[in-house]
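[1] here are the coordinates; sequence isn't available:
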Ligand SMILES: [Zn+2]
């Protein structure tokens, strides 16, 4: 058996593998998932974890390599963060409207609370949102941040959301919606 095999889904005890490529997964790699652990291995062997701006700068400068562990239910996987530009856009170090779908402007939002059966009495409600400014929600964290700043909404970033073509639905704390 080769000592370093690629792309194994399950680790065989006693075997070692090369990390997988995060870039190969494109947007599917969960760069912002809170349970993803980032760590860097510097050229002198120093290991640090965190994966913030400083890690990015060192990786770009070639002083370190950046890795991430993506935990799963039954096993976890090790990835090399091999496209640092994608990483920077995904975690918000670089603001890219093409990645988030959201221009840095005041969005023109038309919205309505979706009627649910039975009528929801929870703190959060599903809100149908139309973006008349031409934006698209591709990245929920950024949309939540923009709407918090612009309209005081508390958008649930862990709840269900979806939509396309400027028409979306998100979960918003009812009290934050105002009138
Ligand atoms: Zn917009």
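    That came in fine, so what should we check first? Remember, predicted model here, so these are calculated numbers, not experimental data.
[2] got the domain boundaries for this protein?
    Domain segmentation of the chain under automatic domain parsing yields 4-94, 99-177.
[3] So residue 26, which state does it fall into?
    Classification of residue 26 by DSSP: H, G, I helix; E, B strand; the rest coil places it in helix.
[4] what about it, how many neighbours?
    When neighbours are counted by other CB atoms under 10 Å, residue 26 registers 10. Glycine gets a C-beta too; all of them are placed from N, C-alpha and C.
[5] what residues are up against it?
    Contacts for residue 26 (CB atoms under 8 Å, 6 or more residues apart in numbering) come out as residue 86.
[6] State the distance from it to residue 89.
    Residue 26 sits 12 Å away from residue 89, going by CB to CB, to the nearest Å.
[7] same thing with residue 141?
    The spacing between residue 141 and residue 89, counted by CB to CB, is 12 Å.
[8] who has more neighbours, these two?
    Shown here are residue 141 and residue 89; by other CB under 10 Å, residue 89 has more neighbours (19 against 14).
[9] my guess is that one contacts residue 99, does it?
    Yes. With contact defined as CB atoms under 8 Å, residue 89 reaches residue 99; the gap is 4.2 Å.
[10] In CSV: the domains of the chain, plus mean pLDDT.
    Below are the domains of the chain laid out as CSV (pLDDT from 0 to 100):
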stretch, mean pLDDT
domain 4-94, 90
domain 99-177, 91
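[11] Distance to the ion for those - can I get that in a markdown table?
    A markdown table is the format used below for these (distance: least, CB to the ion, whole Å):
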| stretch | distance to the ion |
| --- | --- |
| domain 4-94 | 17 |
| domain 99-177 | 3 |
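[12] pretty sure residue 92 is in contact with residue 142, am I right?
    Yes. The pair residue 92 and residue 142 passes the contact test of CB under 8 Å, sitting 7.0 Å apart.
[13] A helix includes residue 125, no?
    No. Under three-state DSSP, residue 125 falls outside any helix and is assigned strand.
[14] That one: how many residues sit nearby?
    Residue 125, neighbours per other CB under 10 Å, totals 18.
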